[in-house]
Every structure is written in structure tokens, then in C-alpha cells.
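Trainee: Quick one, structure for this:
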Amino acid sequence: MTNKFEIPPDWIIEILSPVRASRSRRVQSPNRVISKITFSIQNGAKLGWLLDSADESIMIFEPNKLPELKEKQDILPVLSVLENWQLTVADVFSWLNFA
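Mentor: Numbers count the residues shown, from 1 in each chain. Okay, here's the model as predicted:
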């Protein structure tokens, strides 16, 4: 059995690892995470979010659009099946704990 997926996710959400206090740097490369999101978008995903806990922002990735930065009370795009769901950046970060 392999860990290979044959279809892309509709929605990809990635969270950048918080900065490590002892080393004052991220555990993962933002470029590698962005590459994973853009690969998914190029291969059929409809929506990508990149959450950055350092400044509590979310970068939005959608097919045939430039990435867009959302902050604080900005409304986030969601999949069309959830079109009545209004969610802000602040809502998302209020649910997360990076301690």
C-alpha cells in the first residue's frame, strides 16, 4: 500500500509552524509550504489557505488568481458549497492555540 493520492483535495489548508523560541526561526520553510499549495491548485484544488501564526494572516490561493493576503476582520473565501458561511481571519486564529 502506498501513500499516493489520485485526486486533489478541493481545499488545502496549511499552517506555518510557529517560530521556535530557542532558535528564533521557523521549523519549516514557507517556500516549501507555498509550493505544496500551488501544486495542489495547479492540479485541481479549488482553494488554498496558508495560515501564518506570526502575524495572524492568511494567504489565499485560488486557480487563475494571484495570491491574496487576508487579515483581522477580512472575510475568507470558502468553497461554493459553503457559500453562506462567513468566516474571518480573526475567527480562525481565535480557534487555534500555538503554545
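
Trainee: hey, let's count contacts and neighbours off CA atoms from now on
Mentor: Noted.

Trainee: can you pull out the strands in the chain?
Mentor: Using DSSP state E, the strands of the chain run over residues 11-15, 19-20, 25-26, 47-52, 57-61, 68-71.

Trainee: Touching the fifth one from outside, list them.
Mentor: Think strand 57-61. Strand 57-61 has contacts (CA atoms under 8 Å, 6 or more residues apart in numbering) with 37-38, 41, 47-52, 67-72, 77, 89.

Trainee: Quick one, which of those residues are buried?
Mentor: Ile37, Thr38, Ile41, Leu47, Gly48, Trp49, Leu50, Leu51, Asp52, Lys70, Pro77, Val89 (16 or more other CA atoms under 10 Å).

Trainee: TSV for these, including pLDDT and distance to Met59?
Mentor: As requested, the buried ones among the contacts of strand 57-61 are exported to TSV (pLDDT from 0 to 100; distance: CA to CA, whole Å):
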residue	pLDDT	distance to Met59
Ile37	96	11
Thr38	97	12
Ile41	97	13
Leu47	98	11
Gly48	98	8
Trp49	98	6
Leu50	98	5
Leu51	97	7
Asp52	95	8
Lys70	98	6
Pro77	97	11
Val89	98	10
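
Trainee: Flag every buried residue along the longest helix along the chain.
Mentor: Counting residues, the longest helix found in the chain (DSSP state H) is helix 30-42. Residues Ile34, Ile37, Thr38, Ser40, Ile41 are the ones in helix 30-42 that count as buried (16+ other CA under 10 Å).

Trainee: Could you tell me how many residues sit around Glu62?
Mentor: As a burial measure, Glu62 scores 19 neighbours (other CA atoms under 10 Å).

Trainee: Just the pLDDT at it, thanks.
Mentor: Note for Glu62: predicted pLDDT of 98.

Trainee: That one and Gly48 touch, don't they?
Mentor: Yes: using CA atoms under 8 Å, Glu62 is in contact with Gly48, at 6.4 Å.

Trainee: Are there residues contacting both of the two? Which ones?
Mentor: Common contact partners of Glu62 and Gly48 (CA under 8 Å, 6+ apart): Ile41.
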